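S.K.: this one's structure only:
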């Protein structure tokens, strides 16, 4: 496995553009909750690593995903993060109209008669799949199914059956997304207050399971199996379940030195534990953000050099860096 990365992947703008194309345009990305698209015309919109995207449900209940980009002059199809369309997607700039399956229906001032071939003017599609009540998208039409990316991750651990209430918070952090992800993986937090920094490698009866695309805690021998559970899904998503409160944490890059940490807390209505869990988790995020911003500045200064391989082994972070190497097809020579 790759044990270190040189400094330039954390501070270089061109490298970030490479990662947008090689990692975020080719991996399954968490997009929202299936429950938010319960009716025909319901949509969710999000910008992921600079790619504006939209997912909509049609009258037959099928989900369709597209780049939120009109084929006329690149205007947005929707401008809100969540809403409902009336039978079609309409460009907010020039009113070009598209069906929910992406076909061009009408263009003001243009006669779309029988002799005009508009088959090549449909919306740019993306893949959409759901799992355990969560929506994922992938910009790569040839990507393997979502199930392959999730491996043997059990949906039973993340059931949303009784978690119908939610809280959402976003945190801008002035660091490269990889710095935040590695900090998260090298000492993720669980425990009584979501705030105890624990070792990723030794949690008593609970051990880290490592697969190609998922890290998770294997608490099969622990008496606390039903109280806490954790998983990290490549490249930038983690789930933490503690005492019935499920925290979804998405690490979303917005630039080569900018990251948005998006938190969604899902819980049962009137759950008295959610406020304490949320406050504790937000405190941990604040501490992580402070540390990662300082690390980013030190990396940018160009003085720090990575420790020799093997000096401080960290299997989860090594797993993450190895995935970076493979995704960029750079191997060990980077």
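M.R.: Now that the structure is in, tell me what you want to look at. This structure is a prediction, so every number in the text was calculated from the model and none was measured. Residues are numbered from 1 along each chain as shown.

S.K.: Quick one, grab the pLDDT at residue 165.
M.R.: Per-residue pLDDT puts residue 165 at 76.

S.K.: and it, how many residues sit next to it?
M.R.: Other residues lying near residue 165 total 13 when counted by other Cβ atoms under 10 Å. C-beta here means a position set from N, CA and C on the backbone, and glycine is covered the same way.

S.K.: For the stretch 1-150 of the chain, which segments count as strands?
M.R.: Under the criterion DSSP state E, counting those that start in this stretch, the stretch 1-150 of the chain carries strands at the ranges 29-33, 42-48, 51-57, 63-67, 82-84, 89-90, 97-98, 104-106, 125-131, 134-138.

S.K.: what stretches of the protein score poorly on pLDDT?
M.R.: The chain contains residues with pLDDT under 70 at 1-5, 113-117, 187-206, 218-227, 307-313, 330-334.

S.K.: Next, the buried residues of the biggest helix by length in it.
M.R.: Taking DSSP state H as the criterion, the chain has its longest helix at helix 274-301. By 16 or more other Cβ atoms under 10 Å, the buried positions in helix 274-301 come out as 274, 277-278, 280-281, 284-285, 288-289, 292-293, 295-296, 299.

S.K.: and what of stretch 86-96?
M.R.: For stretch 86-96, the neighbour count (16+ other Cβ under 10 Å) marks 89, 90, 91, 96 as buried.

S.K.: what's the spacing between the third one and residue 112?
M.R.: From residue 91 across to residue 112, the span is 15 Å (Cβ to Cβ, to the nearest Å).

S.K.: what's near enough to touch residue 121?
M.R.: Taking Cβ atoms under 8 Å, 6 or more residues apart in numbering as the criterion, residue 121 is in contact with 71, 104.

S.K.: Against residue 294, how distant is it?
M.R.: To residue 294, residue 121 is 49 Å away according to Cβ to Cβ.

S.K.: okay, now the closest residue to residue 135 other than its chain neighbours: neighbour count?
M.R.: Using Cβ to Cβ, 6 or more residues apart in numbering and skipping the chain neighbours, the partner closest in space to residue 135 is residue 31 (4.4 Å). The number of residues packed around residue 31, counting by other Cβ under 10 Å, is 27.

S.K.: hang on, the earlier thing: spatially, which two of the buried residues of stretch 86-96 are the most separated?
M.R.: Using Cβ to Cβ, the pair of the buried residues of stretch 86-96 lying farthest apart is 89 and 96, separated by 9.0 Å.

S.K.: Tell me the bridge partners for the closest residue to residue 81 other than its chain neighbours.
M.R.: Excluding its sequence neighbours, the residue lying closest to residue 81 (Cβ to Cβ, 6+ apart) is residue 45, at 5.5 Å. Residue 45 forms beta bridges with residue 54, as assigned by DSSP bridges.

S.K.: from what I can see residue 45 touches residue 65, true?
M.R.: No: with contact defined as Cβ atoms under 8 Å, residue 45 does not count as touching residue 65 (10.5 Å).

S.K.: what residues are shared contacts of the two?
M.R.: In contact with both residue 45 and residue 65: 53, 54, 55, using Cβ under 8 Å, 6+ apart.

S.K.: how far out from the middle of the chain is the longest helix of the chain?
M.R.: For helix 274-301, the separation from the chain centroid amounts to 18 Å (computed by Cα atoms, centre = their mean, to the nearest Å).

S.K.: Make 54 the first number, not 1, from now on.
M.R.: Happy to do that; since the first residue is 54 now, the last one works out to helix 327-354.

S.K.: just checking, what packs against it?
M.R.: helix 61-64, strand 218-226, helix 230-239, strand 298-308, strand 311-320 (3 or more Cβ pairs under 8 Å, 6 or more residues apart in numbering; DSSP states H and E).

S.K.: Switch the ones you listed over to a markdown table; also include distance to residue 208.
M.R.: Converted to a markdown table, the helices and strands packed on helix 327-354 look like this (distance: least, Cβ to Cβ, whole Å):
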| stretch | distance to residue 208 |
| --- | --- |
| helix 61-64 | 33 |
| strand 218-226 | 19 |
| helix 230-239 | 22 |
| strand 298-308 | 12 |
| strand 311-320 | 14 |
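
S.K.: Pick the most deeply packed of these.
M.R.: Highest mean neighbour count of the helices and strands packed on helix 327-354: helix 230-239, a mean of 23 (counted as mean count of other Cβ atoms under 10 Å).

S.K.: Residues contacting that one, please?
M.R.: Counting by Cβ under 8 Å, 6+ apart, 58, 62-63, 226, 253, 268, 285, 288-289, 291, 302, 304-306, 312, 314, 341-342, 344-345, 348-349, 352, 367, 369-370, 372-374, 377 sit against helix 230-239.

S.K.: tilt between it and helix 327-354?
M.R.: Comparing the axes of helix 230-239 and helix 327-354 via axes from the mean of the first three to the mean of the last three Cα atoms, to 10 degrees yields an angle of 130 degrees.

S.K.: Next, the contact list for residue 322, please.
M.R.: 217, 218.
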